[in-house]
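Colleague: From the sequence below, what's the structure:
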Amino acid sequence: MKVNICGGGRWANEYLKETLKISKVDIINVYTNNKKLKYDYKKIKKINFFEKVCIKSNLTKSKTIVCNNLKDHIFYAKKFLKNGSDVLIEKPVFNSQSEIKKIKKYKDKIFISKIHNFNYQIQNFINKINLKKINQAEVIWYDKPQEIRRGELKKHDLKKPY
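Modeller: Okay, the predicted model is just below:
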């Protein structure tokens, strides 16, 4: 099986580490210009690095993970969806409502990252609030400024209201 990973940041690194553990995966194509990521994995033969999606043979049916910059999600997702890939898109998924329309016809081939589904505290909270009528909810998300997680600086597009 072939897996494509579009991105080179912290999440791409996490997906790459986990994908390497899957015995069925024999080829991993990573689309990034992150030199550190390339250097860290240069000795692993089943990983190929590309700076752009432009080689037709790499667009064959496969599994694809889009975890690059939000502004590039739809561009990369569309390229792989058109060629028959199943595509998982990391959150946040879309930059705008108009982007949804661009890939809506592929809805059966798109998967959305929802890591908080596995958080028992969130599940407990949801189970409790389903019993009551709620008129309004507010989520306050706090990440430390300049936080380093697993050796990498976390980056955010602060222009997006998450």
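Colleague: what about residue 102, distance to residue 95?
Modeller: According to CB to CB, to the nearest Å, residue 102 and residue 95 sit 11 Å apart. C-beta here means a position set from N, CA and C on the backbone, and glycine is covered the same way.
Colleague: For residue 100, which phi and psi angles does the backbone take?
Modeller: Per-residue torsions, residue 100: phi -60, psi -40 (degrees, to the nearest 10).
Colleague: Quick check: the gap between it and residue 106.
Modeller: With CB to CB as the criterion, residue 100 and residue 106 are 11 Å apart.
Colleague: Which one's more surrounded, those two?
Modeller: Set side by side, residue 100 and residue 106 show more neighbours around residue 106, with 17 against 13, by other CB atoms under 10 Å.
Colleague: Nearest residue to that one in space, ignoring adjacent ones along the chain?
Modeller: With sequence-adjacent residues excluded and distances taken as CB to CB, 6 or more residues apart in numbering, residue 106 is closest to residue 81, at 4.2 Å.
Colleague: Convert the C-alpha atoms of the helix or strand that that neighbour is a member of to PDB, please.
Modeller: Assigned by DSSP states H and E, residue 81 belongs to helix 73-82. Provided in PDB are the C-alpha atoms of helix 73-82 (Å, rounded to 0.1, in the frame of the first residue of the first chain):
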ATOM      1  CA  HIS A  73      -5.600  21.800   2.100                       C
ATOM      2  CA  ILE A  74      -8.100  21.900  -0.700                       C
ATOM      3  CA  PHE A  75      -5.400  22.200  -3.500                       C
ATOM      4  CA  TYR A  76      -3.700  19.000  -2.300                       C
ATOM      5  CA  ALA A  77      -6.800  17.100  -1.300                       C
ATOM      6  CA  LYS A  78      -8.300  17.800  -4.800                       C
ATOM      7  CA  LYS A  79      -5.200  16.500  -6.600                       C
ATOM      8  CA  PHE A  80      -5.300  13.200  -4.800                       C
ATOM      9  CA  LEU A  81      -9.100  12.800  -4.800                       C
ATOM     10  CA  LYS A  82      -9.200  13.300  -8.600                       C
END
